[in-house]
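Asks: build me a structure from this.
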Amino acid sequence: MTFDQDSDPDRRRLLAQYDREMRLGARPDGTGAVVEATGRVVRQTSPPPGWNAVLWSGLDESTADAEIAAQVAHYAALDGGAGRPFEWKLYAHDGPTDLGARLAAAGLEPGEPETLMVARVADLPREPELAPGLRLVAVTDAAGVALMEEVHDRAFGAPRPDLAHQILTQLTERPDTIAAVVALAATPDGERPVSAARLEMTPGTAFAGLWGGGTVAEWRGRGIYRALVAYRAAIAAARGIPYLQVDASPMSRPILERLGFTPLTTTREYNWAPNTPSPNRTDLEPAPTPARTEPEPEPEPARTEPEPETGAQIMTTERIGPPLTGGERETLRAFLDYHRATLAMKCEGLTDEELRRRSMPPSTLSLLGLVRHMAEVERTWFRRTMNGEDLPLRWSAEGDYQAAYDATGATRAEAFAAWEEEVAHARRIEQAAESLDVTAHNKNWDEDVSLRLVMLHLIHEYARHNGHADFLREGIDGTVGA
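Replies: Have a look, this model is predicted:
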């Protein structure tokens, strides 16, 4: 996939890929952490001192307040009702457009806006250039993590034992997901750590995240941050990761832009803690939530932030064309999402009654029936087959796949909620699979099938039914086209 920094379609394509892989397909980031799609959100729940967060949401005006309340209730009920702090990671393209105001009204404290920035690893310098007296050392054990903690204490004036614990645990238990580095400076008292950073990787995805990068005050302005970016870019290149990603503060954004990063969208944390006051109380101070941001490197003048984008839900109607020269798995993912978006597009702008409208007799096919059917198809192939979950069909305890087609009395809200939930599960299961060669047993066929076959079968199902959807939509209001 090529990435033209000046092309809006390229940015949209990359942002959609980021949402799909890093938010909808998020993986647990610590021991005991659980990532789950529940309701209309994807969230992580971690035991202390781990990170708890809502990572993705697909909400609108009718569902937002109830879902916010449900997530607050979930984290508040943990630890026997003592509750755990959590972060709602809001992106500018998340809906509804006033979601930030709704989160604040529910008692979540907004953080500072940041910019999601991405760069192609191939376009970045990958040979660190350091001034005399400086060297970079890989962090692989507790002694190295202690040096990183010393940097954080000296650079920001506060120790972060929780962060040190997280990094050491990751290095020990999941070394393929992290690469950490510390910059050492020669001083009259011997070498001292003056900057530290890490690269966090999610196997099977196209993105690796830059974290850390804080530098002790007297060593700023000497190009250390740039050297740390180049060091991590070299690691990403060696592991075949095409993109680096960072949540940039207004201070770090200009530096990153000069290095070759480009903004995709803006993002903001909304934090809740067990003693967070309700919107009508001001007598309590919220407890701190563990930060997951890239600290600023050397201060530079801030630039004006871009206007936030608006819109996108999980089942976007914006179809992003598959890559022309991508790998097999990337191409299959893209074609499947293209067909999912096509079905959503065919239903866009119609009332419940129009979505239930049947085609010519004797057929009882309707757009809403197709949506319900594809929810069953996603559920059957990904959750029941590939994931081995013992689940009934959504609309038939007896296993009758034809039941979903009967949309009598069904609503857009009900059908789309079911479909979107199953798609979210499907994406997470596919992302977690080691390769397309992974197999599972299909009970209906009494045969083992590969993930490759499942994805091809889903593409075939959507393509066939999208042809039906095209005729159904034309019969409703005359709209035609692929």
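Asks: what about R452, how many residues close to it?
Replies: 16 (other CB atoms under 10 Å). For glycine as for every other residue, the C-beta is placed from the backbone atoms N, C-alpha and C.
Asks: next one: the one 4 residues further on
Replies: With neighbours defined by other CB under 10 Å, the count for L456 comes to 15.
Asks: what's the first-to-last distance across stretch 239-247?
Replies: Length of stretch 239-247, first residue to last, CA to CA, to the nearest Å: 22 Å.
Asks: centre of the chain to that stretch, how far?
Replies: Offset of stretch 239-247 from its chain centre (CA atoms, centre = their mean, to the nearest Å): 14 Å.
Asks: for the chain, which segments count as strands?
Replies: Taking DSSP state E as the criterion, the chain contains strands spanning 34-38, 41-45, 53-57, 86-91, 109-110, 114-120, 134-139, 178-187, 190-201, 207-215, 243-248, 262-272, 439-442, 447-450.
Asks: mean pLDDT and distance to A230 for these - can I get that in TSV?
Replies: Formatted as TSV, the strands of the chain follow (pLDDT from 0 to 100; distance: least, CB to CB, whole Å):
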stretch	mean pLDDT	distance to A230
strand 34-38	92	31
strand 41-45	96	31
strand 53-57	96	29
strand 86-91	96	28
strand 109-110	93	34
strand 114-120	93	12
strand 134-139	96	10
strand 178-187	96	11
strand 190-201	95	11
strand 207-215	92	11
strand 243-248	94	11
strand 262-272	93	18
strand 439-442	93	41
strand 447-450	94	40
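Asks: to D19, which of the ones you listed lies closest?
Replies: Closest approach to D19 among those (CB to CB): strand 53-57, 7.0 Å.
Asks: please name the strands paired to the closest one in the sheet, noting orientation.
Replies: strand 41-45 (antiparallel), strand 86-91 (parallel) (DSSP bridges).
Asks: so which of those strands is the most packed in?
Replies: Most buried of the strands paired with strand 53-57, by mean neighbour count (mean count of other CB atoms under 10 Å): strand 86-91, with a mean of 23.
Asks: what residue ranges in this structure score low on pLDDT?
Replies: Scanning the chain for pLDDT under 70 picks out 1-9, 251, 276-321, 481-482.
Asks: what residue of it is the furthest out?
Replies: Distance from the C-alpha centroid of the chain, by CA atoms, centre = their mean, peaks at P188 (45.7 Å).
Asks: and the longest helix along the chain, how far out from the chain middle?
Replies: In the chain, with assignment by DSSP state H, the single longest helix is helix 451-477. Relative to its parent chain, helix 451-477 has a centroid offset of 26 Å by CA atoms, centre = their mean.
Asks: quick one: list the elements packing against it.
Replies: helix 328-347, helix 367-378, helix 412-432 (3 or more CB pairs under 8 Å, 6 or more residues apart in numbering; DSSP states H and E).
Asks: could you give the bridge partners of the residue nearest to A183 when sequence neighbours are not counted?
Replies: Among residues not flanking A183 along the chain, S195 sits closest, at 4.0 Å (CB to CB, 6 or more residues apart in numbering). Here S195 sits in beta bridges with A183, T215, going by DSSP bridges.
Asks: ok, S195 to A119 distance?
Replies: Look at S195 and A119: by CB to CB, to the nearest Å, they are 20 Å apart.
Asks: repeat that for G80.
Replies: From G80 to A119 the distance is 45 Å (CB to CB).
Asks: quick one on the thing from earlier: for the strands of the chain, which one sits closest to R11?
Replies: strand 262-272 (5.8 Å).
Asks: what count of nearby residues applies to the residue nearest to L124 when sequence neighbours are not counted?
Replies: Nearest residue to L124, sequence neighbours excluded (CB to CB, 6+ apart): A233, at 4.2 Å. Close neighbours of A233, defined as other CB under 10 Å, add up to 27.
Asks: check R239 too.
Replies: Neighbours around R239, by other CB under 10 Å: 14.
Asks: quick one, what contacts it?
Replies: M201, A208 (CB atoms under 8 Å, 6 or more residues apart in numbering).
Asks: before we move on, the earlier item: where's the residue nearest to L124 relative to L14, distance?
Replies: From A233 across to L14, the span is 17 Å (CB to CB).
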